[in-house]
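Chemist: what shape does this take:
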Amino acid sequence: MKALQINLILILFLLSSCSSTRTYNDSIPTHETIKIESKIIGETRTINIWTPDIYQKNSNPLPVLYMPDGGIKEDFPHIANTLAKLIKAEKIEPLILVGIENTQRRRDLTGPTTIAKDKEIAPIVGGSANFSAFIKDELFTEINKRYRTTNEKGIIGESLAGLFVTETFLQNPDLFNYYIAFDPSLWWNAKYLTNNADKILSNFTKNAKRFWFAASGTEEIAPTVNQFAKILTTKDIPNLKWKFVNAPKEKHSTIYRATKEEAIIWTLNSN
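Modeler: Predicted coordinates for the structure are as follows:
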């Protein structure tokens, strides 16, 4: 019992130290903020949208990268600034960034769980299906209405957001064209996604997909993510391009920023 309590404390520490709650001196890029009244989730959601300079200079539609933890005080500024840097350096093609600001993060980014200690991290958990439906049926519609977009869509996230990215990749892969996950919290629900990955991937979509993911050296996360990577090596999925980066010298608090450029460049250029 004491060991379980210690593990829970460690996990809660990791969650509280995630990128969405840390403070950095990132410059806030020029962007637009809109509000969406979500009937699916039953609340108002704040959405931040960044467009590259070229968007104002021509009438061409652009692909869209979506991100949980997309608030101005979350990960939106540093990802938008990174995209601007990579586009300017011609390392990636221009795209639009759509950040979804959190309301109840641990509710939205976790799937169902049967594990009692999982349920202790927040008053409500297991809302990823509703969050996914909000993105698909409400957010996509609003962004496509307001902006010139192509059909190309991706999603990026770390920790619990990485869990949501990986869950979507496995359970609803056609929602996005590509997926980027940093230190995904695959310990959730007794490692359900990793334990069932082999079966799920055996019936994977026939549409082309890309998946980039990374693990830090954090002992509560790394083994399960590495196990997930090993499962992928055993699968022959011709329409899937994937890359795993094992970064044992990085911490849970550093993995996102340490590997984000590599992740974005590889994923966006692996068509």
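Chemist: residues making contact with the helix or strand harbouring Glu142?
Modeler: Taking DSSP states H and E as the definition, one finds Glu142 inside helix 140-146. Outside helix 140-146, the residues within contact range by CB atoms under 8 Å, 6 or more residues apart in numbering are Ile34, Ile36, Ile47, Ile49, Val64, Ile96, Val98, Thr149, Lys153. The way it works is simple: take the backbone N, C-alpha and C, and place the C-beta from them, glycine included.
Chemist: Throw those into TSV and include pLDDT and distance to Glu74, thanks.
Modeler: Formatted as TSV, the contacts of helix 140-146 follow (pLDDT from 0 to 100; distance: CB to CB, whole Å):
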residue	pLDDT	distance to Glu74
Ile34	98	16
Ile36	98	17
Ile47	98	12
Ile49	98	14
Val64	98	18
Ile96	98	18
Val98	98	13
Thr149	98	23
Lys153	98	20
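Chemist: what's the helix or strand containing Ile155 packed up against?
Modeler: Per DSSP H and E, Ile155 falls inside strand 149-158. The contact analysis (3 or more CB pairs under 8 Å, 6 or more residues apart in numbering; DSSP states H and E) places strand 149-158 against strand 62-67, helix 160-171, strand 178-182, helix 255-268.
Chemist: right, and those - which one's nearest Lys91?
Modeler: helix 255-268 (5.4 Å; CB to CB).
Chemist: could you report the pLDDT at the residue nearest the centre of the chain?
Modeler: Closest residue to the average C-alpha location of the chain: Gly157 at 2.4 Å, with CA atoms, centre = their mean. Turning to Gly157, the model gives it a pLDDT of 98.
Chemist: now for it: which residues touch it?
Modeler: Contacts for Gly157 (CB under 8 Å, 6+ apart) come out as Met67, Pro68, Asp69, Leu109, Phe164, Val165, Ile180, Ala181, Phe182, Pro184.
Chemist: quick one, what contacts the fifth one?
Modeler: By CB under 8 Å, 6+ apart, the contact list for Phe164 reads Pro68, Asp108, Leu109, Thr110, Ser128, Phe131, Ser132, Gly157.
Chemist: go through those and give me the one with the most neighbours.
Modeler: For the contacts of Phe164, neighbours were counted using other CB atoms under 10 Å, and Gly157 has the most, 30 neighbours in all.
Chemist: about what we covered before: from the contacts of helix 140-146, list the buried ones, please.
Modeler: When these are checked for burial by 16 or more other CB atoms under 10 Å, the buried set is Ile36, Ile47, Ile49, Val64, Ile96, Val98, Thr149, Lys153.
Chemist: name the helices or strands packed onto the host helix or strand of the second one?
Modeler: What it means is Ile47. In this structure, Ile47 is located in strand 43-50 according to DSSP H and E. Applying 3+ CB pairs under 8 Å, 6+ apart, we find strand 43-50 packed against strand 32-38, helix 76-88, strand 96-100, helix 140-146.
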